[in-house]
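Enquirer: Prediction below, plus the sequence it came from.
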Amino acid sequence: MNKIYGLERADLEKWLSRWSEKSTVYCPDEGDGRGPASFSGWKVWAGDVLPEIKPGPAKCSIKTFYFPQPESLHTFSTASDDPDAFLLMEAERDRSANVLVGLRPCDARAVYLNGLPYSKDPYFQHRDSRTTLVGFSCLEQCSTCFCQEVGGSPFDTHRLDIAITEIKGRFIAEVLSERGEALVDGAGGAGPASDKEIAELDRLKNEAKVLKSDSGENLKAKELMALYNAGFWDSVADSCLNCGACTFLCPTCYCFDIQDEVVGNKGRRIRYWDSCMFPLYSQHASGHNPRGMKMQRVRNRFMHKLKYFPDRFGPLSCVGCGRCIRECPVNIDIREVLKDLLGVE
Amino acid sequence: MSQINSKITEEIRSKVKALLSAEEIAAFVGFIDGTLPMTARPFTARSPEDADRLVFNSFCVVNPAVYLPPLLKSLEPPRRPTDPLPEGPLPKVGILATGCWSRNISIQLQENQIARERVVVLGTGCRGMVDMRKVGSIIDGREIEKAYELDDRISVSGKGFSEEILLEDVLRDNCLTCICPNPVIMDHRVGGQVPDRRVDNRFPFVDEIESKSLDKRWEWFQNEISSCIRCYACRNVCPLCYCPTCFVDDSRPQWVGKSLDPADTSIFHILRAFHCAGRCTNCGSCETVCPMGINMRVLTSKLTKDVIDLYGTEAGVDSDAPLPLTTYSETDRQDFMV
Amino acid sequence: MSQSWEPKIIAFLCNWCSYPAADLAGVGRMQYPPNVRIVRVPCSSRVSANLILSALKSGADGVLVSGCHPGDCHYISGNLYARRRFALLKNLIEFIGIEPGRVNFFWAAASEGGKIVEVMKTVSASVKELGPAGRMVKRFDVPARSPQQKFA
């Protein structure tokens, strides 16, 4: 049984203050209002008040923390008088502990999903081991939210250390992991939630579960080549511009490329975001490109999320946050693609 | 539904249906309703049935000319790169064109990206497209669930609110400074002629930046591009950007680094804008599609302003006049030189 | 800024007039500031915005571009096309906040060894006045910002 606390807003702010003594605490940034119906990202908590967290996910996904743009893997020198010239040195790693407050369950689920292919990646794991996630369940969803259709839920707790639900002005905090417990222990100021509050939380969770359907299992059961050769891909590709807006905003798009950069006589080997929407992504050194056509690239993005990934790891590699739907310049809607895929015989 | 736009929609549908049925064109680039309120999706109609889905409204924010060169190429019979084009007429493509879109088609013609005889232009006057960010700030960022377009206003509603917004208040900035609402080339007209807009100052934002000090300008620029995620939506939506290999993809030499370094992002934005110098038609697609809301059109507007000042040409308006950077005059100003 | 700081200036000189002018200066034992590093290019119109911005990105404190006088271009009109591009580029980079003295253009005929020396002297003095380039220079010690973090 998880420990469940009931807090007033002031108590929660006290927690944040206590946490920021030992770690960097990030909280939602209301930003400049460029994105509709959502806050723009996170900022370091300045020790004042917890900003209002608007419905829906932040515009920039949690990926901006887990996959820094760029990540320095190694450094090297190209100075001719340096005895260690061209030797790769391990880049300095971020040693700070981070607490992320106010992320949505979909973003936390994305960390869990990305952790599957990155289970042996030292950079990802290092960062994950130093990050505590304090999520806010969604009492209100956006029209572009569809987490229930892809295995998530507005009350999903995957990878969350503490899940907070705001019920009638009070914050009900469910402590879900040892890391979460470590934060709460000694932070003080909060009593256990009342039975009534726990009952209300259970009611909300059960209500949300009802909507859940199982697209993932259905797609896994379908034959790969039937989906691959489906007729609708051409019409999706007709509209697509092949920009990277969807992939770069997506919390579960984790592809990267590696390059060496040199400035003066200092160099670094960096890992930075790449997108399967770009022709260069799959271009061979010979000039041949196995995904040379736009349609092939569009198909790959959706097939990877909805078929290849679940076939290999189980869950769909989509958390239903709706960022790609909202920000796609040409309104390509992954929900439509999902529906089309499910309709393939 | 707006009377004006529904009439245009009807005319587009019947015209495109006729063209596709008669196999006069193989495909038509237009718009269909998007899945979210106040969105339109660029759409390639390939059958007469597809034509029934086409729409025209104030939310067609993407310049469809961007699809034209690759679509025409894809309709050519497959052949090796060195093989000549087959003899006889090649399949044609129809496209919807407002003022700025038609100017882009005109530029693509001038730059030999498309052949005039393969393009059928359905021209329509345009009263401007809606800036979703302006709408968002009027309704305080709340989510729109339903939107209904009338001739001069839009009624939007969502959870706990319902508002009527004047179209003029939420038009995109580029549309407010539009000098060419009616198409410059067309084969068929749909809808009526739109009166020219009275524009007192075509470059208010450029003037605003120009009046700042050097340091303030740099601060503005760095702040503006600081949220760039380098998704290249601005580049890919631009009908002027058709290079087979973009300068950002060059690796030897590498003009711009691939990650979010401020110097690299600066160079990307300067060069992207510079490549549009004398060619940009102020269609506003780049700015509209930017997921981060960067106002990169200020850069192309600055170039447009300078081109008018220095060389007196307007991109894509006069298809006989050469583009300003493909020509010269012996008397060009050179007072900027040492 | 220390007294000993000297600017680095990259000069793109065309093969037919400006480079021979610098050559003439050398043959004539005319001294020009050692701050200037010359890159020989076929024609001033070879100098794209990419090259100029790359020079700035790589840490050049100043850039000089020179070609034949109008009418003298070895390729008839290369410098005239280039002139239009340079005018627009210079305006654009000053618009976004690059100091006006960083990027300079001029014409030099093959016989103008004296002129090229004069220009190099004035430009290196004025760039020295401006100080080390800070804008558009790529550095590794600047921490990368995540997209949602704005300037304070």
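Expert: Looks like it came in fine.

Enquirer: what separates the nearest residue to residue B:214 once chain neighbours are set aside from residue A:185, distance-wise?
Expert: Nearest residue to residue B:214, sequence neighbours excluded (C-beta to C-beta, 6 or more residues apart in numbering or on different chains): residue C:97, at 5.6 Å. From N, CA and C alone the C-beta is placed, and that goes for glycine too. Computed as C-beta to C-beta, to the nearest Å, the residue C:97 to residue A:185 distance reads 51 Å.

Enquirer: Looking only at neighbour counts, state which of these two leads.
Expert: Shown here are residue C:97 and residue A:185; by other C-beta atoms under 10 Å in any protein chain shown, residue C:97 has more neighbours (21 against 10).

Enquirer: if I look at the more buried one, how far off is residue B:216?
Expert: Following C-beta to C-beta, the distance that separates residue C:97 from residue B:216 is 8 Å.

Enquirer: for residue 106, helix, strand, or coil?
Expert: Just going to use chain A. Assigned with DSSP: H, G, I helix; E, B strand; the rest coil, residue A:106 falls in the helix class.

Enquirer: wrong chain, I was asking about chain C
Expert: strand.

Enquirer: Nearest the geometric middle of chain A, what residue?
Expert: Among the residues of chain A, the one closest to the centroid is residue A:251, at 3.4 Å (C-alpha atoms, centre = their mean).

Enquirer: tell me which element that residue falls in.
Expert: According to DSSP states H and E, residue A:251 maps onto no helix or strand at all.

Enquirer: What about the closest residue in space to residue B:113 that isn't next to it in sequence, how many residues nearby?
Expert: Leaving aside its chain neighbours, residue B:113 sits nearest to residue B:69 (4.6 Å; criterion: C-beta to C-beta, 6+ apart). Residue B:69 has 16 neighbouring residues, counting by other C-beta under 10 Å.

Enquirer: Is the residue nearest to residue B:214 located within a strand, as I assumed?
Expert: No. Under three-state DSSP, residue C:97 falls outside any strand and is assigned coil.

Enquirer: Do a quick rundown of the helices in chain C.
Expert: Per DSSP state H, chain C carries helices over the ranges C:18-27, C:49-57, C:78-95, C:113-130.

Enquirer: got it, and the stretch 201-338 of chain B?
Expert: B:204-210, B:214-225, B:233-236, B:262-274, B:285-289, B:297-311 (DSSP state H, counting those that start in this stretch).

Enquirer: Now render the ones you listed as CSV, adding mean neighbour count and mean pLDDT.
Expert: Output for the helices of the stretch 201-338 of chain B, formatted as CSV (neighbours: other C-beta atoms under 10 Å in any protein chain shown; pLDDT from 0 to 100):
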stretch, mean neighbour count, mean pLDDT
helix B:204-210, 15, 96
helix B:214-225, 17, 93
helix B:233-236, 25, 96
helix B:262-274, 23, 95
helix B:285-289, 25, 95
helix B:297-311, 22, 96
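
Enquirer: Just send these back as TSV, with distance to residue C:60 too.
Expert: Converted to TSV, these look like this (distance: least, C-beta to C-beta, whole Å):
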stretch	distance to residue C:60
helix B:204-210	25
helix B:214-225	18
helix B:233-236	26
helix B:262-274	12
helix B:285-289	29
helix B:297-311	22
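
Enquirer: among those helices, which is nearest residue A:217?
Expert: helix B:233-236 (33.9 Å; C-beta to C-beta).

Enquirer: how distant is that closest one from the center of its chain?
Expert: Relative to the chain's own centre, helix B:233-236 is displaced by 11 Å; criterion: C-alpha atoms, centre = their mean, to the nearest Å.

Enquirer: what does the stretch 201-338 of chain B have sitting close to chain A?
Expert: Within the stretch 201-338 of chain B, the residues that sit near chain A (C-beta under 8 Å from any C-beta of the partner chain) are B:229-233, B:235-237, B:249, B:257-261, B:285, B:288-289, B:291-293.

Enquirer: rewinding a little: who wins for proximity to chain A among the helices of chain C?
Expert: Among those, the nearest to chain A by C-beta to the nearest C-beta is helix C:49-57 (8.6 Å).

Enquirer: Show the average pLDDT along that closest one.
Expert: Here helix C:49-57 scores 96 as its mean pLDDT.

Enquirer: Skip the chain neighbours and tell me the closest residue to residue B:221.
Expert: The shortest distance from residue B:221 to any non-neighbouring residue, by C-beta to C-beta, 6+ apart, is to residue C:96 (4.1 Å).

Enquirer: on that earlier part again, list the contacts for the residue nearest to the centre of chain A?
Expert: With contact taken as C-beta atoms under 8 Å, 6 or more residues apart in numbering or on different chains, residue A:251 is in contact with A:57, A:61, A:62, A:63, A:106, A:107, A:110, A:114, A:319, A:321, A:323.
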